[in-house]
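Undergrad: Predicted coordinates and the sequence they were generated for:
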Amino acid sequence: MIEHTLNIGRISEGFVLDHIQAGKSMDIYKYLKLDKLDCCVAIIKNARSNKMGKKDIIKIECPIDIIDLDVLSFIDHNITVNIIEREEIVAKKQLKLPKEIKNVIKCRNPRCITSIEQELDQVFVLTDEENEVYRCKYCEEKYHGK
């Protein structure tokens, strides 16, 4: 029996997003605006994982400070961020839910000031960490997304 393996080359500087829930890598690609960056991005979907069964992985060859880790941790705080320098993993970051997120989600309350004042930032604050509840900073509308 031939074992099918996929070999994606090493990256010299950048990061690897590991333990992404299977099928979620394209959402992350969109939220992190990776299409706007001029760097090498490899997306591996449905990779075998002992811990998760299946997982997605994203390799990004560019400096780590280019991406917004708060957006990433809001999407899925179980993702592991492996920071790569000189083709070696130099650090692993465990993500935590951000206390505040800006311009990632929109308030759905039609009476909210953000509906009227279009130039205002859409700011949501973590109000219940255990249940992952975010509320609008201005009108306290609960975010119903997850």
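TA: Thanks, I have it.
Undergrad: so who does the spatially most central residue of the chain touch?
TA: The centre of the chain sits closest to Leu72, judged by CA atoms, centre = their mean, with a distance of 2.2 Å. Taking CB atoms under 8 Å, 6 or more residues apart in numbering, we find Leu72 in contact with Leu17, Ile28, Tyr31, Leu32, Ile79, Val81, Leu95. To be clear about C-beta, it is placed using only N, CA and C from the backbone, and glycine gets the same treatment.
Undergrad: cool, and Val104?
TA: Tyr31, Val71, Phe74, Gln122, Phe124.
Undergrad: Recalculate using a threshold of 6 Å.
TA: Val71 (CB atoms under 6 Å, 6 or more residues apart in numbering).
Undergrad: Give me the phi and psi for it.
TA: With angles defined as degrees, to the nearest 10, Val104 sits at phi -110, psi -40.
Undergrad: ok, the closest residue in space to Cys40 that isn't next to it in sequence to Ile84 distance?
TA: Leaving aside its chain neighbours, Cys40 sits nearest to Glu61 (4.1 Å; criterion: CB to CB, 6 or more residues apart in numbering). Distance of Glu61 to Ile84, computed by CB to CB, to the nearest Å: 8 Å.
Undergrad: So for these two, which residues contact both of them?
TA: Ile11, Gly14.
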